[in-house]
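*Asks:* What follows is a predicted structure for the sequence shown.
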Amino acid sequence: EVQLVESGGDLVQPGGSLRLSCAASGFTFSSYRMHWVRQAPGKGLVWVSRIHNDGSLTVYADSVKGRFTISRDNAKNALYLQMNSLRAEDTAIYYCVRGTTGTGGWFDPWGQGTLVTVSS
Amino acid sequence: QSALTQPASVSGSPGQSITISCTGTSSDVGSYNFVSWYQQHPGKAPKLLIYEVSKRPSGVSDRFSGSKSGNTASLTISGLQSEDEADYYCCSYAGSSIHYVFGTGTKVTVL
């Protein structure tokens, strides 16, 4: 069974940092592009970042560019999101999502999400 | 980049068919066949329903179907059931600058 389990969400002050992790199992992790997608409380889905299967290429939404860094460890089947200079508007559930093995624009499956709250 | 436009809510009676629209621009929906649809029940993670405009992953009911015309994509739910009551989101690839854009979301109510 394909499974993605996020961890690391917490309450953090504005300007602070947090590192999210995602443990993947049930598929060949190193073959897939991976994404982070977030959802503010009561709001819609917003794509955050993508990393290629070998980590060679990373891309970001403009709202997080320069503050967030996506990375992966294929030996550990793990995906990460380092979040710096956090703002109140970064408050959201962050989902780890599997992408495709090549070009494509869909997300499947999704993890259960981890909640990040940015507040003083 | 603005979100794709979806109706805030759509409702229907059990057994009926409903269609949810997803309007973008010539830079996203109109340019790529990478439109996907997701179902999200309250407190749950989204679930893929449709990818590449009209393809259904294995295990997804054939009551769900997708299509696209110009800058607008559509999701049709046939034979509406109570368990279809959920939020639905479309998503489109939008090129190498914006990458991916989601729709505003539609709440489906089964009357």
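*Replies:* Looks like it arrived, so ask away. Numbers count the residues shown, from 1 in each chain, chains lettered A, B, ... in the order given.
*Asks:* Nearest to chain B: which residue in chain A?
*Replies:* The minimum distance from chain A to chain B, using CB to the nearest CB, falls at A:Gly105 (3.0 Å). C-betas here are computed from N, CA, C, even on glycine.
*Asks:* Distance from the chain centre to the lowest-mean-pLDDT helix or strand in chain B, please.
*Replies:* Lowest on mean pLDDT, DSSP states H and E among the helices and strands of chain B sits helix B:95-98, with a mean of 83. What separates the centre of helix B:95-98 from the centre of its chain is 21 Å, taken as CA atoms, centre = their mean, to the nearest Å.
*Asks:* Mind telling me what element B:Ser92 is part of?
*Replies:* In this structure, B:Ser92 sits in strand B:86-93 according to DSSP states H and E.
*Asks:* Would that strand count as contacting chain A?
*Replies:* Yes - using CB under 8 Å from any CB of the partner chain, strand B:86-93 reaches chain A at B:89, B:91-93.
*Asks:* mind listing what B:Val35 touches?
*Replies:* A:105, B:22, B:29, B:50, B:52-53, B:66, B:68, B:73, B:90-92 (CB atoms under 8 Å, 6 or more residues apart in numbering or on different chains).
*Asks:* any low-confidence regions in chain A?
*Replies:* In the prediction, chain A carries no residues with pLDDT under 70.
*Asks:* Need the residue closest to the centroid of it.
*Replies:* A:Trp36 (2.8 Å; CA atoms, centre = their mean).
*Asks:* Excluding chain neighbours, what is closest to A:Val116?
*Replies:* A:Gly9 (4.9 Å; CB to CB, 6 or more residues apart in numbering or on different chains).
*Asks:* again, but for A:Val2
*Replies:* A:Gly26 (4.1 Å).
*Asks:* Enumerate every residue touching that neighbour.
*Replies:* Applying CB under 8 Å, 6+ apart to A:Gly26 gives the contacts A:1-3.
*Asks:* Would you convert those into JSON lines that also reports neighbour count and secondary structure?
*Replies:* Formatted as JSON lines, the contacts of A:Gly26 follow (neighbours: other CB atoms under 10 Å in any protein chain shown; DSSP: H, G, I helix; E, B strand; the rest coil):
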{"residue": "A:Glu1", "neighbour count": "6", "secondary structure": "coil"}
{"residue": "A:Val2", "neighbour count": "11", "secondary structure": "coil"}
{"residue": "A:Gln3", "neighbour count": "12", "secondary structure": "strand"}
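*Asks:* quick one: which of these is nearest A:Ala78?
*Replies:* Distance to A:Ala78, by CB to CB, is smallest for A:Gln3 among the contacts of A:Gly26, at 12.8 Å.
*Asks:* wait, doesn't that closest one sit right on A:Ala24?
*Replies:* Yes - A:Gln3 is within contact range of A:Ala24, at 7.2 Å (criterion: CB atoms under 8 Å).
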